[in-house]
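Engineer: The following comprises the amino acid sequence and a computationally predicted model.
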Amino acid sequence: MITFQDVSKTYAGAGGRAALTNVSLSVAPGEVFGVIGASGAGKSTLIRLINGLEKASGGKVVVDGDDVAALGVEGLRSLRRRVGMIFQHFNLLSSKTVAGNVAFPLKLAGRPDAEVKARTAELLARVGLSDFAGKYPAQLSGGQKQRVGIARALATGPKVLLCDEATSALDPETTEQILELVSNLNRELGLTIVLITHEMDVVRRVCDRVAVLEGGGVVEEGAVEDVFLHPTSATARRFVMEADGVPADGALVGGRVVRLTFRGEATYKPILGVVARETGVDYSILGGRIHRLRETPYGQLTLSLTGGDVEAAIARFQADGVRVDLITEAGR
Amino acid sequence: MSAFMENIDWSEIGQATLDTLSMLGGSMVLTVIFGLPLGVILFLTGKGQMLQNRVANGVLSLAVNILRSVPFVILLIVMIPLTVTLVGTSLGVAGAIPPLVVGAAPFFARLVETALREVDKGVIEASFAMGAKRRQVVLGALLPEAMPGLIAAATVTAIALVSYTAMAGVVGAGGLGDLAIRFGYQRFQTDVMVVTVVLLLVLVQALQMVGDAVVRRVSHR
């Protein structure tokens, strides 16, 4: 549905800052694809290349069969009707009512009034805001505003939905509801979704695959399970540890910091105590969670191991089907 | 001391009030017709905007600054030949309108530019992302979003025009300002001065109240 081939973007002007360098990605139809990165990593540029709000300086972006750079004014407008977008700060028109905002893209496309009216009502029902049609955005809560944003983005029946930090301005509970809605849209409408975020939790909850962006390049990409449970790049590891509430600087606590990942049966074994007794290793728990990664239950603990036979302890964990990732070496 | 109101000729005051109102109305309409597009172009050609153009923006900006820096009394006088060409006379209500518009339109254009800058850039970006053409973005998003600011700008401009019309009295435009100068000032008829000033004050007050009410009405922030 979306492919990036060796895409670079350099902003004109003093210094000529490179926002993206040689990014290659591909997003399959019907997939929820996450892009995670710190601010300044280039994710906001990346998402804007998809609907032509930014132009690539090099490489090629192909969306729904169209080479975005090669499109003329009309072609670009047609593409933008096939690619909806929602924003961190919602970007609703404060001068228009809720219904007026949802109807806006339809009016821009020159659809007849009767169709605009019917479609607007249908979309508002879908996002659960039928009773708010006559209200203005200023009268809504953040979550309601984002629902209006979603209804508006869906108005022209797009195949792709771009989410630009769509939940970053919302509280945790509202974030949950919006992600739920986005997930449903993906399932029910077969919508391809690209979302950018700086929160690993958002990726964990809704994405199928994720790319980790750092300094304008993709440092890691793969299925969310793999990246989340076994991050290979330093950047991905930092995001995962942040999501676990583990201090990013593991060295502060001393000992050897390891992350244990339990899946399936291993999750329920009293393995920590067993291993500690057998190998004489002491452990302190730095962070962890027992959760579901979409459908799969899993447990993950970050431990600092000290004393005893640390190597034997690690081998013992592995023998029991627990995956062990080394976060820091001993003595650092 | 003679009776306070002895110099007042109410029919003359009534006529002068009408003249002031028609100068104000006529020049306000034309000021919006010329100033609004000028302000929109100033904004759109500005840095980082959709029609960014340093040369066009620089030239327009300079022209606006030149017109704004000329004191209105001087503008009234230097414009006489142009005014005569345009409306056939430099006197009366008709003769006052061209200099009023030339004086107020650049002022209004700057206020329009400022009001447009207040519009959230995200809303403009979202409109483009929805497949809007530039024209649709300007007419469908930018101007409606800026409406409270534009109305406030029009109110300030209308009030500035009231004082300009009073100055236009100097070159024979008629109206309340003319009465104040010819009778109130030159003939020491304090009562005429007081009545005209009170009427101007009422006019300004009414404009401000109406303007504020409309701003409240169109603002949904």
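Structural biologist: That came in fine, so what should we check first?

Engineer: Select the longest helix from chain B.
Structural biologist: Counting residues, the longest helix found in chain B (DSSP state H) is helix B:10-44.

Engineer: Export the helix or strand following it to PDB, keeping only CA atoms.
Structural biologist: Remark: after helix B:10-44, the chain's next helix or strand is helix B:54-69, criterion DSSP states H and E. Extracted as PDB, the C-alpha positions of helix B:54-69 are listed here (Å, rounded to 0.1, in the frame of the first residue of the first chain):
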ATOM      1  CA  ARG B  54       9.800  37.900  -1.000                       C
ATOM      2  CA  VAL B  55       9.700  40.500  -3.800                       C
ATOM      3  CA  ALA B  56       5.900  40.800  -3.900                       C
ATOM      4  CA  ASN B  57       5.700  40.900  -0.200                       C
ATOM      5  CA  GLY B  58       8.500  43.500   0.100                       C
ATOM      6  CA  VAL B  59       6.900  45.800  -2.500                       C
ATOM      7  CA  LEU B  60       3.400  45.600  -1.000                       C
ATOM      8  CA  SER B  61       4.700  46.000   2.500                       C
ATOM      9  CA  LEU B  62       6.700  49.100   1.500                       C
ATOM     10  CA  ALA B  63       3.700  50.600  -0.300                       C
ATOM     11  CA  VAL B  64       1.500  50.000   2.800                       C
ATOM     12  CA  ASN B  65       4.200  51.600   5.100                       C
ATOM     13  CA  ILE B  66       4.500  54.600   2.900                       C
ATOM     14  CA  LEU B  67       0.800  55.300   2.800                       C
ATOM     15  CA  ARG B  68       0.600  54.700   6.500                       C
ATOM     16  CA  SER B  69       3.400  57.000   7.400                       C
END
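
Engineer: what's downstream of helix B:54-69, the next helix or strand?
Structural biologist: helix B:72-78.

Engineer: who does that following helix touch, helix- and strand-wise?
Structural biologist: On a contact count with 3 or more Cβ pairs under 8 Å, 6 or more residues apart in numbering or on different chains; DSSP states H and E, helix B:72-78 meets helix B:92-117, helix B:143-168. (Glycine included, C-beta is placed from N, CA and C.)

Engineer: got the angle for the first one vs helix B:10-44?
Structural biologist: Put plainly, it is helix B:92-117. Comparing the axes of helix B:92-117 and helix B:10-44 via axes from the mean of the first three to the mean of the last three Cα atoms, to 10 degrees yields an angle of 30 degrees.

Engineer: Quick check: buried residues in helix B:92-117?
Structural biologist: Within helix B:92-117, the residues scored as buried using 16 or more other Cβ atoms under 10 Å in any protein chain shown are B:92-113, B:115-116.

Engineer: Equivalent analysis for stretch A:73-92, please.
Structural biologist: A:76-92.

Engineer: Go through these and flag which are in strands.
Structural biologist: Of the positions in these, A:83-87 sit in strands, assigned by DSSP state E.

Engineer: which one of the residues you listed is nearest chain B?
Structural biologist: residue A:85 (4.4 Å; Cβ to the nearest Cβ).

Engineer: Please list all residues in contact with that closest one.
Structural biologist: Contact partners of residue A:85, counting by Cβ atoms under 8 Å, 6 or more residues apart in numbering or on different chains, are A:47, A:51, A:153, A:161-164, B:126, B:129-130.

Engineer: Beta-bridge partners for it, please?
Structural biologist: Following DSSP bridges, residue A:85 is listed with bridge partners residue A:162.

Engineer: what's the angle from the longest helix of chain B to helix B:143-168?
Structural biologist: Here helix B:10-44 points in a direction 140 degrees away from that of helix B:143-168 (the same axes, to 10 degrees).

Engineer: how much distance is there from helix B:10-44 to the middle of the chain?
Structural biologist: Centroid separation for helix B:10-44 versus its chain: 6 Å, with Cα atoms, centre = their mean, to the nearest Å.

Engineer: Which secondary structure elements does that helix sit against?
Structural biologist: Partner elements for helix B:10-44 (3+ Cβ pairs under 8 Å, 6+ apart): helix B:54-69, helix B:92-117, helix B:143-168, helix B:176-179, helix B:190-218.

Engineer: What residues does the residue nearest to the spatial centre of chain B make contact with?
Structural biologist: For chain B, the residue sitting closest to the mean C-alpha position, by Cα atoms, centre = their mean, is residue B:157 at 3.7 Å. By Cβ under 8 Å, 6+ apart, the residues touching residue B:157 are B:28, B:31, B:35, B:104, B:107-108, B:111.

Engineer: repeat that with 6 Å
Structural biologist: B:104, B:108 (Cβ atoms under 6 Å, 6 or more residues apart in numbering or on different chains).

Engineer: Next: the one 4 residues further on.
Structural biologist: Under the criterion of Cβ under 6 Å, 6+ apart, the neighbours of residue B:161 are B:24, B:27-28, B:104.

Engineer: need the next SSE after the helix or strand in which residue A:284 is found, C-terminal direction.
Structural biologist: When elements are assigned from DSSP H and E, residue A:284 belongs to strand A:282-293. Counting by DSSP H and E, the next helix or strand C-terminal to strand A:282-293 is strand A:296-306.

Engineer: Point out where the chain drops to low pLDDT.
Structural biologist: Since you didn't name a chain, this refers to chain A. Counting by pLDDT under 70, chain A has low-confidence residues at A:13-16, A:245-254, A:265-266, A:293-296, A:328-332.

Engineer: not quite, I wanted chain B
Structural biologist: By pLDDT under 70, the weakly predicted segments of chain B are B:1-3.

Engineer: For it, which residues are neighbours of chain A?
Structural biologist: B:122-123, B:126, B:129-132, B:136, B:141, B:144-145, B:220-221 (Cβ under 6 Å from any Cβ of the partner chain).

Engineer: re earlier: Throw together a PyMOL command that grabs the buried residues out of the contacts of residue A:85.
Structural biologist: Restricted to buried positions by 16+ other Cβ under 10 Å, the PyMOL selection for the contacts of residue A:85 reads:
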select buried, (chain A and resi 47+51+153+161+162+163+164) or (chain B and resi 126+129+130)
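
Engineer: In helices only, show me the contacts of residue A:85.
Structural biologist: Using DSSP H, the contacts of residue A:85 in helices are A:47, A:153, B:126, B:129.

Engineer: how about CSV for the helices and strands packed on helix B:10-44, with distance to residue A:314 added?
Structural biologist: Converted to CSV, the helices and strands packed on helix B:10-44 look like this (distance: least, Cβ to Cβ, whole Å):
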stretch, distance to residue A:314
helix B:54-69, 64
helix B:92-117, 61
helix B:143-168, 60
helix B:176-179, 93
helix B:190-218, 68
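
Engineer: looking at the ones you listed, which is buried most?
Structural biologist: Across these, averaging neighbours per residue (mean count of other Cβ atoms under 10 Å in any protein chain shown) puts helix B:176-179 on top, at a mean of 26.

Engineer: Tell me which residues are up against that one.
Structural biologist: B:16, B:20, B:165-166, B:169, B:196, B:199-200.

Engineer: repeat that for 8 Å
Structural biologist: B:12-13, B:16-17, B:19-20, B:165-170, B:172, B:192, B:196, B:199-200.

Engineer: Same check on stretch B:35-48?
Structural biologist: Residues outside stretch B:35-48 that contact it (Cβ under 8 Å, 6+ apart) are B:49-54, B:56-57, B:60-61, B:64, B:104-113, B:115-117, B:138, B:142-143, B:150, B:157.

Engineer: now swap in stretch A:305-316 and tell me
Structural biologist: A:254-258, A:274-276, A:278-284, A:324, A:330.

Engineer: rerun at 7 Å
Structural biologist: For stretch A:305-316, the surrounding residues in contact (Cβ atoms under 7 Å, 6 or more residues apart in numbering or on different chains) are A:255-256, A:258, A:275, A:278-283, A:324, A:330.

Engineer: what's the answer for stretch A:148-159, then?
Structural biologist: Outside stretch A:148-159, the residues that reach it (Cβ under 7 Å, 6+ apart) are A:1, A:64, A:81-87, A:90, A:92, A:98, A:101-102, A:104-106, A:109, A:119, A:123-124, A:126-127, A:129, A:137, A:140, A:161, A:181, A:191-192.

Engineer: and those, which of them are in helices?
Structural biologist: Using DSSP H, the contacts of stretch A:148-159 in helices are A:81-82, A:98, A:101-102, A:104-106, A:119, A:123-124, A:126, A:181.
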